[in-house]
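Q: Provided below for reference: sequence and predicted model.
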Number of protein chains: 2
Amino acid sequence: MQRYFLDDKSLKNDKIAVIQGADHHHITRVMRMKLGDKLQVVIASTPYLAAITAISDLQVEVEVLERMQDGSEAGIALTLLQGLPKGEKIDLIIRQAAEIGVAEIIVFQAARSVAKIAGDKRESKLLRWRKIAKEAAELAHRTVIPEVKFADSLKAAFSLMDSEALKLVPYELQNGGLPALKEVLHRVAVPSSAAFVIGPEGGFAEEEVHLMEAAGGRLLTLGKRILRTETAGLVVASLLLYEWDQMGVN
Amino acid sequence: MQRYFLDDKSLKNDKIAVIQGADHHHITRVMRMKLGDKLQVVIASTPYLAAITAISDLQVEVEVLERMQDGSEAGIALTLLQGLPKGEKIDLIIRQAAEIGVAEIIVFQAARSVAKIAGDKRESKLLRWRKIAKEAAELAHRTVIPEVKFADSLKAAFSLMDSEALKLVPYELQNGGLPALKEVLHRVAVPSSAAFVIGPEGGFAEEEVHLMEAAGGRLLTLGKRILRTETAGLVVASLLLYEWDQMGVN
C-alpha cells in the first residue's frame, strides 16, 4: 500500500487531512486511486491507515483511520557522509541510502571530487536530493525522511554531524593491513549513532585521511573486491543494520 | 590499477599477451596508457602484473610480469536469481551483483514481470549483460567473471542452478511472521553454495512461492523497510558474504 508523508498543515482536524501538490498528482495520476481507496499517511513520524473521502483537481481529502504498527525505523542513527561523485550517481546513492534506513546523508565536496556544485546551484540540488529521499522513504514504508545536507569539504561535513558518533572509514590501502569491518564492529560497543565516510571515485586525499584519523575515525577495509563509490555506502549501511539487529524485524 | 580479463587466445607465449577489441579501446582511448605503463591481467582466473611493450591501432602487447596475490573470490558460490524488472534496472542489478562478488546471476521471467524479453532478443540481451558483468568484475579486481543466464520462468531458473545450494527467499508477508535473515543463517550450517531469489517489482505470485517452498526454499524477511527489487539483491549478497566471512579479507 502506498505511503505518503504529510506535514502538520495537511491536517484539517484530527480526522481529516488534505493532500496537494506532488502527492496529489501521484495519488490521482500515477496510482489512479479512487474514492474509498486505502493508503498510508505518516503524520509526525507516526503511520496511519487512511481512506480517500474526496478527490478534486487540486486536492485529495483522506479520513485518518487507525494508527498502524510501527517499528520500521532503526534504533541507531546512521549518517552517510558521501564524497560528491560524478554525474547522476548521487541520485542513486541517496535513493538507496534512504531506502535501507539511514537517518542522515551529508554530501561533501571531497578533495578528489571531479564534479563541483557551484554556490548558486546548491539550493536547487538540495531540493532535488530531499525529494528523492522523501520518495524513497515513502516507498520503503519508513516513518522518517532522512535529512540531506551539503558540505564544502570533509572538514565541514564532520562539523555537521553528531561528534559522538562512531566514525567508520572504509579505505583501500595498496598493501592491506587494515582491520575488516566485522573486526572493528566486534571490538566496539554498540553505539547510539554511527557515521561512515565514502570517498568519491578517486578515493580520499591524504589530508582527508589524516583529518578523519585525528577526529577518531576508524580506518577499515571492506575486503579485496573494490566497491565503486555508488555501491559502498549501501553495502556498509546494510552491514551495520544487520550486525546491530536494526533491520526492523520485531 | 586497471584490470583486464584475457582469454587463452590472447597469449602469444608464456610471457607475451595481445589485447584487442574493447579492451584495446579502453586501454588506449579511455585510460590513455603508454608504453611501459603497468596494468593487471587475469589469465585462467589468476591475476598477474603486466607492462605494455607495444601499442598499435589494433592491439596492445603486454609482457606478463609476476603473479599477484590472490584471494579476491568468495569461497562460497552465490547465485542471484533475479525476477526481470522494468526498464534498465537489470543493468544496475547485474553491475552491483558482479561487483560485490556473486558467482552467477540468473535473470528469470517472473509471473509478475511487467517487462518481457522476446525470444529473438535474448542473445543480444545476454551479450550485453555479460559485458556489464565482465566490466564490473574487472573494476572490482575479481579473478572470475560471474556467469549470466536467462530463464523463461522461476521453475526453469531453479533447474539451472546447483540443486544443493541453500535457497533463500526474501518475502514480504502483510502480517509478518517470517524469520529474519540472520535467524535463518544462524540455524543452518555454512553451505558451499547459496542462492537467493529476488522478485520483480510486483513481488512473487502465489504459485512461485509454493514452488520455492517445495524445492526447499527458506522464506524469510529482510525487515520492515521494504527494499526495491534493484536494491534487495545487493543487500542480501552483502549480508551473506559478511556473515560467512567472505568479503575477501585475508
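A: Here it is on my side, so go on.

Q: and stretch A:44-59, what's its mean pLDDT?
A: Computed over stretch A:44-59, the mean pLDDT rounds to 92.

Q: CA-only coordinates of the longest helix belonging to chain A, as PDB, when you get a sec.
A: Counting residues, the longest helix in chain A under DSSP state H turns out to be helix A:122-139. What follows is helix A:122-139, C-alpha atoms only, in PDB (Å, rounded to 0.1, in the frame of the first residue of the first chain):
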ATOM      1  CA  ARG A 122      23.200  24.300  -4.100                       C
ATOM      2  CA  GLU A 123      19.700  25.200  -3.100                       C
ATOM      3  CA  SER A 124      18.200  23.500  -6.200                       C
ATOM      4  CA  LYS A 125      20.400  20.400  -5.800                       C
ATOM      5  CA  LEU A 126      19.400  20.100  -2.100                       C
ATOM      6  CA  LEU A 127      15.700  20.400  -3.000                       C
ATOM      7  CA  ARG A 128      16.100  17.700  -5.600                       C
ATOM      8  CA  TRP A 129      18.000  15.300  -3.200                       C
ATOM      9  CA  ARG A 130      15.400  15.900  -0.500                       C
ATOM     10  CA  LYS A 131      12.600  15.000  -2.800                       C
ATOM     11  CA  ILE A 132      14.400  11.800  -3.800                       C
ATOM     12  CA  ALA A 133      15.000  10.900  -0.100                       C
ATOM     13  CA  LYS A 134      11.300  11.600   0.700                       C
ATOM     14  CA  GLU A 135      10.000   9.400  -2.100                       C
ATOM     15  CA  ALA A 136      12.400   6.600  -1.300                       C
ATOM     16  CA  ALA A 137      11.400   6.700   2.400                       C
ATOM     17  CA  GLU A 138       7.700   6.500   1.400                       C
ATOM     18  CA  LEU A 139       8.300   3.500  -0.900                       C
END
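
Q: contact partners of that helix?
A: The contact list for helix A:122-139, computed with CB atoms under 8 Å, 6 or more residues apart in numbering or on different chains, reads A:2-5, A:22, A:42, A:90-91, A:94-96, A:98-99, A:105, A:107, A:117, A:144-150, B:226, B:228. All C-beta atoms are positioned from the backbone trio N, CA, C, and that covers glycine.

Q: what's A:Asn13 in contact with, if anything?
A: If you count contacts by CB under 8 Å, 6+ apart, A:Asn13 has none.

Q: Look up how far B:Gln82 lies from it.
A: 47 Å (CB to CB, to the nearest Å).

Q: what does A:Gly202 give?
A: According to CB to CB, A:Gly202 stands 31 Å off from B:Gln82.

Q: And for the residue nearest to A:Gly75 when sequence neighbours are not counted, the neighbour number?
A: Leaving aside its sequence neighbours, A:Gly75 sits nearest to A:Gln246 (CB to CB, 6 or more residues apart in numbering or on different chains; 5.9 Å). Using other CB atoms under 10 Å in any protein chain shown, A:Gln246 has 20 other residues around it.

Q: buried stuff in stretch A:157-169?
A: Neighbour counts over stretch A:157-169 (16 or more other CB atoms under 10 Å in any protein chain shown) mark A:157-158, A:161-162, A:165-169 as buried.

Q: Check stretch A:60-73 too.
A: Buried residues in stretch A:60-73 (16+ other CB under 10 Å): A:60-62, A:64, A:68, A:72-73.

Q: Please apply the same query to stretch A:173-191.
A: A:178, A:180-182, A:184-185, A:191.

Q: picking that back up, so which of the buried residues of stretch A:60-73 sit within strands?
A: Within the buried residues of stretch A:60-73, residues falling in strands by DSSP state E are A:60-62, A:64.

Q: And these, which two are furthest apart?
A: Greatest spatial distance in these: A:Val60 and A:Val64, 12.9 Å, computed using CB to CB.

Q: and the longest strand along chain A, does that touch chain B?
A: The strand that spans the most residues within chain A, counting by DSSP E, is strand A:46-55. No: applying CB under 8 Å from any CB of the partner chain, one finds strand A:46-55 separated from chain B by no less than 10.5 Å.

Q: So what touches that strand?
A: For strand A:46-55, the surrounding residues in contact (CB under 8 Å, 6+ apart) are A:3, A:16-17, A:27-28, A:33-42, A:60-68, A:70, A:72, A:141, A:143.

Q: Tell me which two in the buried residues of stretch A:60-73 are the farthest apart.
A: A:Glu61 and A:Glu73 (27.9 Å).

Q: one step back: which of the buried residues of stretch A:157-169 lies closest to B:Arg112?
A: Distance to B:Arg112, by CB to CB, is smallest for A:Leu168 among these, at 37.8 Å.

Q: tell me which element that closest one falls in.
A: For A:Leu168, the host element (DSSP states H and E) is strand A:166-170.

Q: Next, see if that strand gets close to chain B.
A: No: counting by CB under 8 Å from any CB, chain B is not contacted by strand A:166-170; separation bottoms out at 10.8 Å.

Q: Return the distance of the following helix or strand past that strand from the chain's centre.
A: As assigned by DSSP H and E, the chain's next helix or strand after strand A:166-170 is helix A:181-187. Taking CA atoms, centre = their mean, to the nearest Å, one finds helix A:181-187 lying 23 Å from the centre of the chain it belongs to.

Q: next structured bit after helix A:181-187?
A: Counting by DSSP H and E, the next helix or strand C-terminal to helix A:181-187 is strand A:193-198.

Q: Identify each buried residue in the next helix or strand after that following strand, please.
A: Counting by DSSP H and E, the next helix or strand C-terminal to strand A:193-198 is helix A:206-214. Within helix A:206-214, the residues that qualify as buried are A:208-209, A:211-212, counting by 16+ other CB under 10 Å.

Q: now the angle from helix A:206-214 to strand A:193-198?
A: Angle, helix A:206-214 to strand A:193-198, by axes from the mean of the first three to the mean of the last three CA atoms, to 10 degrees: 160 degrees.
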